[in-house]
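Trainee: After the sequence you'll find the predicted model.
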Amino acid sequence: MNDQFYDSKIECIQKDRIEKIQIGKFNKLLKICKKSELYKKVQLPSKIFSLEEIKKIPFTTKDQLRNCYPYGSLTLPLSEVIEVHTSSGTTGNPVPIFLTKKDLEISNKVLARTWFCNGIRKEDIFMMMGDYGLFTGGLLNHYALTYLGAMVIPMGVSSTEKQIKFLKDFKVNSMAGIASHYFRILEKFKELKINPTELNLKIAIAAGEPYSEETRAHFEKGFNCKFMDQYGLAEINTGLAGECRYKCGLHLPWDYVYPEIINPNTGEILPEGETGELVLTTLDREANPVIRYRTGDITSITYKKCKCGRTTPRISRIKGRVDDIIFVKGIKLSPSAIESVLWRMKDLVNPEGWRLKIERIKGIEELTLMIEPKSFNKEIENRIAYKLKEELGIRFNICLEKNCFSGHKLKRIIDLRKK
């Protein structure tokens, strides 16, 4: 480790050398995957001799991972597993992520590299505002940060007032949280008359949701510090890719994942620089590795050497989703998931007659579901709100409306956050 790179041997390695390493790891992966119920049903080659051969292997989808819940993706005895996390599961079974001791050790090294790339150092006082539950965002990043040597305050999703108190009292100089939560902190700064120049912040990471450069500039002005982006996903790993100081793409650990960009409609692999769907293969996971996983995230990739000196591939900041999934409070929410809950309440509501309005009020994301009921009363309103919270893990305000669905194509999502 030096001041510029966490591990220069892998971060600055030449492409021809890393390709040999990737092929070797891919062949080990093929042997491991055949031990899981998930890949026993997939025709996998016994060995590959070039990365070009990977494109002949079928993609893995989220539905496939859900359908083998809970243990169908496991490749070794359960006694080898030391920890499990899951995806949110807002549209069905969650996807479990199993970790062996070796998986966790490798994760720590790889994610520490991402945090170092973002600008975090051993001497930092770091406040982690990620969720410390089943989501990977809190704990796995926490482990990696302590592995890096930083002092970590495991704040989690505590009250905004408490977060601000710790920022001041402990002289926190770096922090991370979901992008939308920073709006709330800024609103609370105004309420409490806090001048951000009085804080010790030098760097913050906003992740979990796509956000614009305009939003980044708003945060940097409001917090008086640098804001960096990260990309991760539960099915592969959190904190997987991160920006360097030049903010010209997110560096991917190509010894840990093999990336591809495909045309989401045809599955064709796209040339370097073209925008499409990101596909990732885990190269260094024992418990439940994933081959050619379709992430649903839209981006592009470049293999040009970065100004920082790293040769690792860089993905552009996420532009959106292949499907109609939206990001709310750090959770991926699908309109079909809302509709699925409403269909199970069809005795109370017209499940086709709904619209969702998303606003940001005083920094807090507010969701108002406008729904057409069979009858109008407060009890129905409460039952709908309770069921949605129970199934999707998000609180909705309910507004009962007549003629919410007129029979023609309806704009379901009214997202006013950008305004």
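Mentor: Alright, I've got the coordinates.
Trainee: Who does the closest residue to R417 other than its chain neighbours form a beta bridge with?
Mentor: Of all residues beyond its chain neighbours, the one nearest R417 is R360 (4.7 Å), with distances taken as Cβ to Cβ, 6 or more residues apart in numbering. Heads up, the C-betas are built off the backbone N, CA and C, glycines and all. Note on R360: beta-bridge partners E365, judged by DSSP bridges.
Trainee: Just give the number of residues close to R360.
Mentor: As a burial measure, the neighbour count of R360 was computed by other Cβ atoms under 10 Å and equals 17.
Trainee: That one against Y182, yeah?
Mentor: No: contact criterion Cβ atoms under 8 Å: R360 and Y182 do not qualify, at 11.1 Å.
Trainee: Let me see the backbone angles for K378.
Mentor: phi -60, psi -30 (degrees, to the nearest 10).
Trainee: Then L51?
Mentor: Backbone phi and psi, for L51 under degrees, to the nearest 10, turn out to be phi -70, psi -20.
Trainee: Identify the residues contacting it.
Mentor: For L51, the contacting residues are E19, Q22, I23, F26, Y258, by Cβ atoms under 8 Å, 6 or more residues apart in numbering.
Trainee: the helices in this structure, which residues?
Mentor: Under the criterion DSSP state H, the chain contains helices at 8-11, 15-33, 37-40, 62-67, 101-118, 136-148, 160-169, 181-192, 213-223, 335-343, 378-392.
Trainee: could the ones you listed be laid out in TSV, adding mean pLDDT?
Mentor: Listed next are the helices of the chain as TSV, based on pLDDT from 0 to 100:
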stretch	mean pLDDT
helix 8-11	97
helix 15-33	97
helix 37-40	94
helix 62-67	94
helix 101-118	98
helix 136-148	96
helix 160-169	96
helix 181-192	92
helix 213-223	91
helix 335-343	81
helix 378-392	91
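Trainee: need those helices in JSON lines with mean neighbour count and distance to K305, can you?
Mentor: Compiled in JSON lines, these are given as follows (neighbours: other Cβ atoms under 10 Å; distance: least, Cβ to Cβ, whole Å):
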{"stretch": "helix 8-11", "mean neighbour count": "16", "distance to K305": "11"}
{"stretch": "helix 15-33", "mean neighbour count": "15", "distance to K305": "10"}
{"stretch": "helix 37-40", "mean neighbour count": "18", "distance to K305": "35"}
{"stretch": "helix 62-67", "mean neighbour count": "17", "distance to K305": "33"}
{"stretch": "helix 101-118", "mean neighbour count": "21", "distance to K305": "15"}
{"stretch": "helix 136-148", "mean neighbour count": "22", "distance to K305": "24"}
{"stretch": "helix 160-169", "mean neighbour count": "16", "distance to K305": "37"}
{"stretch": "helix 181-192", "mean neighbour count": "18", "distance to K305": "32"}
{"stretch": "helix 213-223", "mean neighbour count": "15", "distance to K305": "23"}
{"stretch": "helix 335-343", "mean neighbour count": "17", "distance to K305": "41"}
{"stretch": "helix 378-392", "mean neighbour count": "15", "distance to K305": "43"}
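Trainee: would TSV of these with distance to L78 be doable?
Mentor: Supplementary listing: those in TSV, determined by distance: least, Cβ to Cβ, whole Å:
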stretch	distance to L78
helix 8-11	31
helix 15-33	16
helix 37-40	13
helix 62-67	18
helix 101-118	14
helix 136-148	19
helix 160-169	37
helix 181-192	35
helix 213-223	43
helix 335-343	29
helix 378-392	28
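Trainee: for those helices, which one sits closest to I236?
Mentor: Among these, helix 136-148 comes nearest to I236, with 9.4 Å by Cβ to Cβ.
Trainee: That closest one packs against which elements?
Mentor: strand 81-86, helix 101-118, strand 125-128, strand 151-153, strand 237-243 (3 or more Cβ pairs under 8 Å, 6 or more residues apart in numbering; DSSP states H and E).
Trainee: Output those as TSV; include the columns distance to A206.
Mentor: Compiled in TSV, these are given as follows (distance: least, Cβ to Cβ, whole Å):
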stretch	distance to A206
strand 81-86	21
helix 101-118	11
strand 125-128	13
strand 151-153	18
strand 237-243	11
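Trainee: thought T136 was touching F98?
Mentor: No: look at T136 against F98 with Cβ under 8 Å: they stay out of range, at 11.7 Å.
Trainee: the domain parsing of this structure - what is it?
Mentor: Taking automatic domain parsing as the reference, the chain has its domains at 8-321, 334-415.
Trainee: And the shortest one, end to end?
Mentor: Read it as domain 334-415. End-to-end distance for domain 334-415, by Cα to Cα, to the nearest Å: 14 Å.
Trainee: ok, now stretch 228-243?
Mentor: Distance between the boundary residues of stretch 228-243 (Cα to Cα) amounts to 6 Å.
Trainee: Pull the distance from that stretch to the chain's centre.
Mentor: The chain centroid and the centroid of stretch 228-243 are separated by 6 Å, computed with Cα atoms, centre = their mean, to the nearest Å.
Trainee: V322 contacts V279, correct?
Mentor: No: using Cβ under 8 Å, V322 makes no contact with V279, being 11.0 Å away.
Trainee: what do these two both touch?
Mentor: R294.
Trainee: Give the residue farthest from the middle of this structure.
Mentor: Distance from the C-alpha centroid of the chain peaks at S375, with 39.4 Å (Cα atoms, centre = their mean).
Trainee: next one: phi and psi at that one?
Mentor: Geometry field for S375 lists phi and psi as phi -150, psi 160, criterion degrees, to the nearest 10.
Trainee: Which pLDDT value goes with it?
Mentor: Per-residue confidence for S375 comes out at a pLDDT of 85.
Trainee: what does I325 give?
Mentor: According to the per-residue confidence, I325 scores 73 in pLDDT.
Trainee: Tell me which residues touch the residue lying closest to G222 once chain neighbours are set aside, please.
Mentor: With sequence-adjacent residues excluded and distances taken as Cβ to Cβ, 6+ apart, G222 is closest to L186, at 4.5 Å. If you count contacts by Cβ under 8 Å, 6+ apart, L186 has them with F219, G222, F223, G363.
Trainee: same check, this time on F227
Mentor: F227 is in contact with I203, A204, I205, A206, R216, F219, E220, counting by Cβ under 8 Å, 6+ apart.
Trainee: got a pLDDT number for it?
Mentor: So, for F227, pLDDT stands at 98.
Trainee: how close does it sit to K28?
Mentor: Distance from F227 to K28, counting by Cβ to Cβ, to the nearest Å: 38 Å.
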